[in-house]
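after the sequence you'll find the predicted model.
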Amino acid sequence: MLTRWAYALSESMLSEPLPQRWSHSLGVAGRARELVTILGQDAELMEAAAVLHDVGYSPSIAATGFHPLDGARFLRDQENADERVVRLVAHHSFALLEAEERGLREELETEFELERPELVDALVVCDMTTTPFGGHTTTPERIEEIVSRYGPDTIVGRFIQRAAPEIHAATDRVSRRMQAAELNTQPT
């Protein structure tokens, strides 16, 4: 089972060296479960990608210092992970924009294709509506928290400020899809 493997791997990579990152990853996976009505057959895939999205922070595999790239490479090269999970991890939360800030955009783009936009949006929402401790938050609050934690003039601070409009747009798209799904499941 894909999710069982993903949880075990993520826990082994994050829980001891980075317990807060592990809590965040569990929260992101919980948010993925909340989107099951719009994910359909991709629900398990999304939950696996959600719990693994930050595995690249693990000190045992951090090579470039850019966690989406490090995590995706590890999952692809060491774990032979599902290609779609790898792509979602590589591109979670508009990673191409941060890769650009780091001078790694070409590497990320060349090595890992983008996954379907509706799945990318779903993972953005899961990540950007989860606090560092795994609780729920809004995208404006999450972006503000990231900027204040890293600083507005750092690579991460600049990236998240650039990505903010895209993050909000992804959240709006997912929200509309959830509302439409709820309307379709209500008795007439």
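Structure's in. What do you need?

distance from the longest helix along the chain to the middle of the chain?
Taking DSSP state H as the criterion, the chain has its longest helix at helix 155-185. Between the centre of helix 155-185 and the centre of its chain there are 12 Å (C-alpha atoms, centre = their mean, to the nearest Å).

summarise which helices and strands it is packed against.
Applying 3 or more C-beta pairs under 8 Å, 6 or more residues apart in numbering; DSSP states H and E, one finds that helix 155-185 contacts helix 36-39, helix 95-102, helix 117-128, helix 139-150. The C-beta positions use only the backbone N, C-alpha and C, and glycine is treated the same way.

following the first one, which helix or strand comes up?
From helix 36-39 onward toward the C-terminus, using DSSP states H and E, the following helix or strand is helix 43-52.

just for this protein, where's the confidence low?
For the chain, applying pLDDT under 70 flags the ranges 185-188.

center of it - which residue?
Closest to where the C-alpha atoms of the chain average out (C-alpha atoms, centre = their mean) is residue 92, at 4.1 Å.

contacts only, for the closest residue in space to that residue that isn't next to it in sequence.
Of all residues not flanking residue 92 in the chain, residue 53 sits nearest, at 4.7 Å (C-beta to C-beta, 6 or more residues apart in numbering). By C-beta atoms under 8 Å, 6 or more residues apart in numbering, the contact list for residue 53 reads 25, 28, 68, 71, 88-89, 92-93, 123, 127.

and residue 66, by the same measure?
56, 95, 98-99, 102, 104, 108.

much appreciated, bye for now.
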